[in-house]
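**Q** Kindly return the folded structure for what I paste below:
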Amino acid sequence: MMMINVAVLLAVIVVMRLRRRTQARSRVEERNTALIVLALGILIAPTPLGQGIFNVIKQLVSGVSQAGA
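**A** Numbers count the residues shown, from 1 in each chain. Reported below is the predicted structural model:
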């Protein structure tokens, strides 16, 4: 239960950070945003939502690779 709440908090932080104009960001801000997104991905990955996202991406990648062959 706690893992979901932290994931929601990180998702809100990511959305707020990405709404800012690109020109106003420094490299440190961009790096911090990337680290926050990585932490969000790690928190979501073991949940059913994360597994569903993984399966959808896996199907898309296999479809694209089959279309290219």
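**Q** alpha carbons only for contacts and neighbour counts from here, please
**A** Will do.
**Q** In this structure, where is pLDDT below threshold?
**A** 1-4, 22, 24, 68-69 (pLDDT under 70).
**Q** residues making contact with the lengthiest helix in it?
**A** Counting residues, the longest helix in the chain under DSSP state H turns out to be helix 48-68. With contact meaning C-alpha atoms under 8 Å, 6 or more residues apart in numbering, helix 48-68 is reached by 44-45.
**Q** in it, what's buried?
**A** By 16 or more other C-alpha atoms under 10 Å, helix 48-68 has no buried positions at all.
**Q** next one: stretch 8-26
**A** 10-11, 14, 17.
**Q** can the residues you listed go into CSV with extra columns for secondary structure and distance to residue 49?
**A** Formatted as CSV, these follow (DSSP: H, G, I helix; E, B strand; the rest coil; distance: C-alpha to C-alpha, whole Å):
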residue, secondary structure, distance to residue 49
10, helix, 15
11, helix, 14
14, helix, 18
17, helix, 23
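**Q** Distance to residue 26 for these - can I get that in a markdown table?
**A** Formatted as a markdown table, those follow (distance: C-alpha to C-alpha, whole Å):
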| residue | distance to residue 26 |
| --- | --- |
| 10 | 20 |
| 11 | 21 |
| 14 | 16 |
| 17 | 12 |
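**Q** and which of those is nearest residue 30?
**A** Nearest to residue 30, judged by C-alpha to C-alpha, of these is residue 17 at 9.2 Å.
**Q** quick one: which helix or strand includes residue 40?
**A** helix 27-44 (DSSP states H and E).
**Q** Show me the contact partners of the helix or strand containing residue 5.
**A** Taking DSSP H and E as the criterion, residue 5 maps to helix 2-18. The contact list for helix 2-18 (C-alpha under 8 Å, 6+ apart) reads 33, 36-37, 40, 43-44.
**Q** Could you rerun that using 6 Å?
**A** With C-alpha atoms under 6 Å, 6 or more residues apart in numbering as the test, helix 2-18 has contacts from residue 40.
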